[in-house]
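*Asks:* Predicted model and sequence below, questions to follow.
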Amino acid sequence: MYRSGTALQFLFFKYFGLYHKLLYVCVSKPADMKKLMSIRLLVISLLFSPSLLAQVTIKGVVNDNRNNPVVGASISLKDSYDGTTTDTTGRYSFKTTEKGAQVLLVTAISYKAWEQPVKLESGVLTIDIILKQEISELTAVVLSAGTFEASDRKRAAAVLDPIDIVTTASANGDITQALKTLPGAQQVGESEGLFVRGGTAGETKTFIDGTLVNNFFFSSVPNIAQFGRFSPFIFKGTVFSTGGYSALYGQALSAALILESIDLPEQSSANLGLSVIGGSAGYQHLSKNKKSSFGASYSYTNLAPAFAIIKQRQDYSTVPYYHNADANFRVKTSKTGMLKYYGYFSNNKLAFTVNSIDSIGYLDRFALANTNHFHNLSWKENLQGKWKINAGLSYSNNKDDIRSAMQTLAGNDVLLTNLEAKTFKLDMKGDYFNAKLVLEKKFKGMSGIRFGSEYNYSKDRSVYTGYNGQEYPGKFRETVAAAFAEADMYATNDLALKGGLRLEHSAQLSKVNLAPRFSLAYKTGKGSQASLAYGIFYQNPERRYLPSLQPLSFMKATHYILQYQKVLNQQSFRTEIFYKKYDNLVKTGHTGFTEAALNNDGFGEAKGIELFWRDKRTIKNFDYWVSYSFLDTKRDFLNFPTAITPNFAAKHTGSLVMKKFVQKVKTNFNLSYTYSSGRPYYNIRYDGAAYAFTDRGTIPDFHNVSFALNFLPSVGKKDAKSFAVYVLQVSNIFNIRQTYGYQYSYNGLRKEAIVPTSRMFVYIGAFISFGVDRTDDVINSGL
């Protein structure tokens, strides 16, 4: 803190020294008292002369551009010792003996420095000052409407971190299952995917390092939801956008799951996993100069031991087994550049029978063999002039061999009248390629622009073989090219907006779309902000409806989102109100003996409110979050006779997730509860003239309580060379009966509930890592 008397003290000691020098001269010779007295009077007159004592008082108030006082701002005369700081009301006052032309300087944290020339003469000079905010990443408002972020970046929008995804009890180590505990996602158990705000699973797309991922989930099995293919441990960041997402991403009507892979590891390491249903091993090597790394892992899963203990609804002739392998390399191409590759391979098989609903005393048999591989190459670099480049390529290949038949109880294949269509073979192969280039330029104060292009190519081949051996080959190719531009504008730390445009062309549809996107955020107080987002989103009709007999167009959704959030002192609260309007949805009809796409006359809407609360502060060493979603949605699409609530949408959904680490027993305890109100179900049949309801109703409410504990014996050990985590996880610990919906016989006379393969599932495993201690991450996630 500066003080106004500094200059006067300096002059005093300067002249006081002169006085002593003169006195010494007089004393060193025969003293002449009159001469001595004259010197004394001369020094005193110099020291207290009017020219030295003449001071100027500078005072005023320092506010920000919202007229709020700036506390602790430093005010001084440039290149001098005179100055002070503002008090709690923003006021300041100090005195100076400086004269003439000077420069008044004001500085404060989070504000731009302020300077103004002043002329000092005498008396009081009053100067009121307005400071402008210095825009920085730590204090700036975050454009977060419609988005949940789980990453290692310390931003206000980050409500979950990557370890949270792994340690959520109901997630079973799956990314999308963990995201279902957040607002917006539905609790659909009979089919894989993320059903978001009244949208189908196909309306949510997944991106890894910026490029689209096809076949993110394992291949579909009737009435059994499949998990994602990728381990959550390969990602350092997860952005789950339930609407209003960036113009950099497209071909998704409802939501985008954006995943960012890890960079260089901390050090070389190895890991080993063992459970009752399989094992895994992996190795990561970091070069000595820490500028490159490579690694690989392999896992084998066989559910036979688990199914031998936990009775399944299906009778498996080939119990599901999975071979999964991946490899990666990462190279630091410069101080700011990174080249990354990730490759994945999977092979899995299963076959089972269930009692046939179409013919009592017979069995329905289903068999699936799947092979999938995925490759992703990405490069990012800072260029000259504050430019950045992000480029990515991805390629995936998927092959499904599906067999369906009816069997006698003895296990022999049989053809029954009117049920011949249940006996078939379907061989499908798909190649998918995606390329994206993004150029970005940053301006002063976090503002910036980005633009680029994207190219998607898909090639699908299929051969359907009927019960009589007749083959029906099919081929389909599609190319979607896109260009996009987007700008971030930060007016102040409190106000930011983003605007973007995305242009797409579909070769199959021979059509072009232009989609505007806009979002705005305003800081309302310490840790709090309000946001809004608007955007138009287009998507091609799903692959199963293409090519169609009639020309089709892009499906369209328009999003409106209003959000408020507050993140402060280890507590997070956010609420969103949304409205979504659907246009040009696909309508299907009866053409001969099959159902096919007819037109884009479908429509719909979805609206609701969502709440999220997370608290790590109130209860010591205890972390929990609560989410709730209210959804009111109707749509008329596919073969719906009219606009109705689809069977994948519940009006109310909620989750409670709790975590606690107990140091004494070195164990992390996790508990989660998920709820969903009853979803509607329908039996819609073609009566020869139109589609009509033959049965409808509402399934019971869904409840699930899951429990998990992680035992960490290495905690507290010094110089440990290995780090183990032992896992016990139980799903639906109270054995609650759960119903996902109903299925009907081909003639509509019988129906049966769609239920989980088993009411309860227990997982026991051990994971050991060598070289890198991850136990702190697990502990911190529970605190």
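*Replies:* Arrived safely. Residues are numbered from 1 along each chain as shown.
*Asks:* where along the stretch 251-400 of the chain do the helices fall?
*Replies:* For the stretch 251-400 of the chain, helices defined by DSSP state H, counting those that start in this stretch occupy the ranges 304-309.
*Asks:* per-residue pLDDT, the residue most central in space within the chain?
*Replies:* Central residue of the chain (C-alpha atoms, centre = their mean): Val239, 1.5 Å from the mean position. Listed pLDDT for Val239 reads 84.
*Asks:* In this structure, what helix or strand scores lowest on average pLDDT?
*Replies:* Across the helices and strands of the chain, mean confidence by mean pLDDT, DSSP states H and E is lowest for helix 6-28: a mean of 38.
*Asks:* where does the chain have low pLDDT?
*Replies:* For the chain, the stretches with pLDDT under 70 are 1-54, 135-162, 592-593, 715-722, 771-783.
*Asks:* domains in it, as residue ranges please.
*Replies:* Per automatic domain parsing, the structural domains of the chain span 38-131, 140-781.
*Asks:* Could you say which of these is packed most deeply?
*Replies:* Mean neighbour counts were compared across the domains of the chain using mean count of other C-beta atoms under 10 Å; the top stretch is domain 140-781, at a mean of 18. Every residue, glycine included, has its C-beta placed from N, CA and C.
*Asks:* Figure out how far it is from the centre of its chain.
*Replies:* Computed by C-alpha atoms, centre = their mean, to the nearest Å, the chain-centroid distance of domain 140-781 equals 12 Å.
*Asks:* And the helices in the stretch 501-650 of the chain?
*Replies:* Using DSSP H, counting those that start in this stretch, no helices are found in the stretch 501-650 of the chain.
*Asks:* With the stretch 101-250 of the chain instead?
*Replies:* With DSSP H, counting those that start in this stretch as the definition, the stretch 101-250 of the chain shows helices at residue ranges 162-167, 175-179.
*Asks:* Surely Arg617 touches Val567?
*Replies:* No. Using C-beta atoms under 8 Å, Arg617 is not in contact with Val567, being 11.7 Å away.
*Asks:* mind listing what Leu426 touches?
*Replies:* Residues near Leu426 by C-beta atoms under 8 Å, 6 or more residues apart in numbering: Asp400, Asp401, Ile402, Ser404, Ser462, Val463, Tyr464, Thr465.
*Asks:* Could you list which of the residues you listed belong to strands?
*Replies:* Asp400, Asp401, Ile402, Ser404, Ser462, Val463, Tyr464, Thr465 (DSSP state E).
*Asks:* for the first one, what are its contacts?
*Replies:* Under the criterion of C-beta under 8 Å, 6+ apart, the contact list for Asp400 reads Ser219, Leu368, Ala369, Asn370, Leu426, Asp427, Met428.
*Asks:* which one of those residues is nearest Ala753?
*Replies:* Checking the contacts of Asp400 against Ala753 with C-beta to C-beta, the nearest one is Leu368 at 23.0 Å.
*Asks:* Ser378 versus that closest one, what's the distance?
*Replies:* For Leu368, the distance to Ser378 (C-beta to C-beta, to the nearest Å) stands at 31 Å.
*Asks:* Okay, and the beta partners of the closest residue to Pro320 other than its chain neighbours?
*Replies:* Spatial nearest neighbour of Pro320, excluding adjacent residues (C-beta to C-beta, 6 or more residues apart in numbering): Leu350 at 4.1 Å. Here Leu350 sits in beta bridges with Leu368, as judged by DSSP bridges.
*Asks:* Enumerate every residue touching Leu350.
*Replies:* Val221, Tyr316, Thr318, Val319, Pro320, Tyr321, Ala367, Leu368.
*Asks:* got JSON lines for those residues, with distance to Lys180 too?
*Replies:* As requested, those are exported to JSON lines (distance: C-beta to C-beta, whole Å):
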{"residue": "Val221", "distance to Lys180": "19"}
{"residue": "Tyr316", "distance to Lys180": "26"}
{"residue": "Thr318", "distance to Lys180": "29"}
{"residue": "Val319", "distance to Lys180": "26"}
{"residue": "Pro320", "distance to Lys180": "22"}
{"residue": "Tyr321", "distance to Lys180": "26"}
{"residue": "Ala367", "distance to Lys180": "29"}
{"residue": "Leu368", "distance to Lys180": "24"}
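*Asks:* Just the closest of those to Ile699, please.
*Replies:* Val221 (20.3 Å).
*Asks:* isn't the closest one right up against Ala367?
*Replies:* No. Val221 is beyond contact range of Ala367, at 10.1 Å (criterion: C-beta under 8 Å).
*Asks:* separation between the residue lying closest to Glu542 once chain neighbours are set aside and Thr739?
*Replies:* Closest residue to Glu542 apart from its sequence neighbours, by C-beta to C-beta, 6+ apart: Gly202 at 5.2 Å. The gap separating Gly202 from Thr739 is 24 Å, by C-beta to C-beta.
*Asks:* Mind putting the contacts of Leu426 into a markdown table with distance to Thr96?
*Replies:* Output for the contacts of Leu426, formatted as a markdown table (distance: C-beta to C-beta, whole Å):
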| residue | distance to Thr96 |
| --- | --- |
| Asp400 | 83 |
| Asp401 | 88 |
| Ile402 | 87 |
| Ser404 | 92 |
| Ser462 | 86 |
| Val463 | 91 |
| Tyr464 | 91 |
| Thr465 | 95 |
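*Asks:* those strands in the stretch 1-150 of the chain, which residues are they?
*Replies:* 56-64, 74-77, 83-85, 91-96, 100-107, 114-120, 123-126, 129-131, 147-151 (DSSP state E, counting those that start in this stretch).
*Asks:* which strands and helices sit next to the first one?
*Replies:* If you count contacts as 3 or more C-beta pairs under 8 Å, 6 or more residues apart in numbering; DSSP states H and E, strand 56-64 packs onto strand 91-96, strand 114-120, strand 123-126, strand 129-131.
*Asks:* will you turn those into CSV that also has distance to Phe233?
*Replies:* Listed next are the helices and strands packed on strand 56-64 as CSV, based on distance: least, C-beta to C-beta, whole Å:
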stretch, distance to Phe233
strand 91-96, 54
strand 114-120, 49
strand 123-126, 62
strand 129-131, 46
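*Asks:* Tell me which of those sits nearest to Gly411.
*Replies:* Per C-beta to C-beta, nearest to Gly411 of the helices and strands packed on strand 56-64: strand 129-131, 82.0 Å.
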